[in-house]
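when you get a sec, could you give me coordinates for this:
(chains A and B)
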Amino acid sequence: GAGVSQSPSNKVTEKGKDVELRCDPISGHTALYWYRQSLGQGLEFLIYFQGNSAPDKSGLPSDRFSAERTGGSVSTLTIQRTQQEDSAVYLCASSRDREQYFGPGTRLLVL
Amino acid sequence: GENVEQHPSTLSVQEGDSAVIKCTYSDSASNYFPWYKQELGKRPQLIIDIRSNVGEKKDQRIAVTLNKTAKHFSLHITETQPEDSAVYFCAASRAGGGADGLTFGKGTHLIIQP
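Predicted coordinates for the structure are as follows:
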């Protein structure tokens, strides 16, 4: 079946602009996660959605970062007033139990 | 919060030999420990995972061991092949315990020498 999809695959933006990244989880997966991977680094947890419960935002690095999940499916990660240090690959994952399956990521470059 | 340490950062082994990657975690409430393989430019792929109620799990050439008392877990790859070359990440979480986001180690770059 279809895996996790993300769009866009690449995004180049100017410092100070806002960006929106989209994630389509695997159908039937109730949990959705966002991670960030900087060049040559591990993955950093950002936010977690489970069903209709309030999201776990404990990993968001600043108040410029926010995320929504509409209808328990598609999620959008928004970064406001982007900074150069926001440049990274943003990965989305979904799960039905504990196993998390990752999307291909969005590579964000802030100039 | 949880902290996961992973060693070594780079591991080079001869094709056919075994490779072992070790991780430690800090949160004794963590109960789920997956391993991911990431090839260059690709997404992380789950290769094996273990839950805190077992000490060892094996899937063909890959095995994972967990020592809850010492709070460490290891990935073992036997009879390594060129396609095993990749970056491997360990992770930990309190899945179902209100902290389901994975905390990852910094990764091990595994190089299989022909």
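
pretty sure B:Leu110 sits against B:Glu15.
No. Using Cβ atoms under 8 Å, B:Leu110 is not in contact with B:Glu15; the gap is 11.8 Å. Bear in mind the C-beta positions are built from the backbone N, C-alpha and C, glycine included.

now do the shared contacts for these two.
B:Thr80 (Cβ atoms under 8 Å, 6 or more residues apart in numbering or on different chains).

looking at these two, which is more packed in?
Taking other Cβ atoms under 10 Å in any protein chain shown, B:Leu110 and B:Glu15 do not tie; B:Leu110 has more neighbours (21 against 13).

just the element for the closest residue in space to the more buried one that isn't next to it in sequence, please.
Closest residue to B:Leu110 apart from its sequence neighbours, by Cβ to Cβ, 6 or more residues apart in numbering or on different chains: B:Leu11 at 5.2 Å. Taking DSSP states H and E as the criterion, B:Leu11 maps to strand B:10-14.

what helices and strands are in contact with that strand?
Contact analysis of strand B:10-14 by 3 or more Cβ pairs under 8 Å, 6 or more residues apart in numbering or on different chains; DSSP states H and E lists strand B:19-25, strand B:108-113 as its packing neighbours.

reformat the ones you listed as a markdown table; add distance to B:Ala95.
Shown next, in a markdown table, are the helices and strands packed on strand B:10-14 (distance: least, Cβ to Cβ, whole Å):
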| stretch | distance to B:Ala95 |
| --- | --- |
| strand B:19-25 | 13 |
| strand B:108-113 | 23 |
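
can you tell which of the ones you listed is closest to A:Tyr48?
strand B:19-25 (18.3 Å; Cβ to Cβ).

residues in contact with the residue nearest to B:Leu110?
Contact analysis of B:Leu11 by Cβ under 8 Å, 6+ apart lists B:Ala19, B:Ile21, B:Thr108, B:His109, B:Leu110, B:Ile111.

how near is it to chain A?
According to Cβ to the nearest Cβ, to the nearest Å, B:Leu11 stands 16 Å off from chain A.

per-residue pLDDT, that residue?
Per-residue pLDDT puts B:Leu11 at 98.

tell me where chain A has strands.
Assigned by DSSP state E, the strands in chain A fall at A:5-7, A:10-13, A:19-24, A:31-37, A:43-50, A:65-69, A:75-79, A:88-95, A:101-102, A:106-110.
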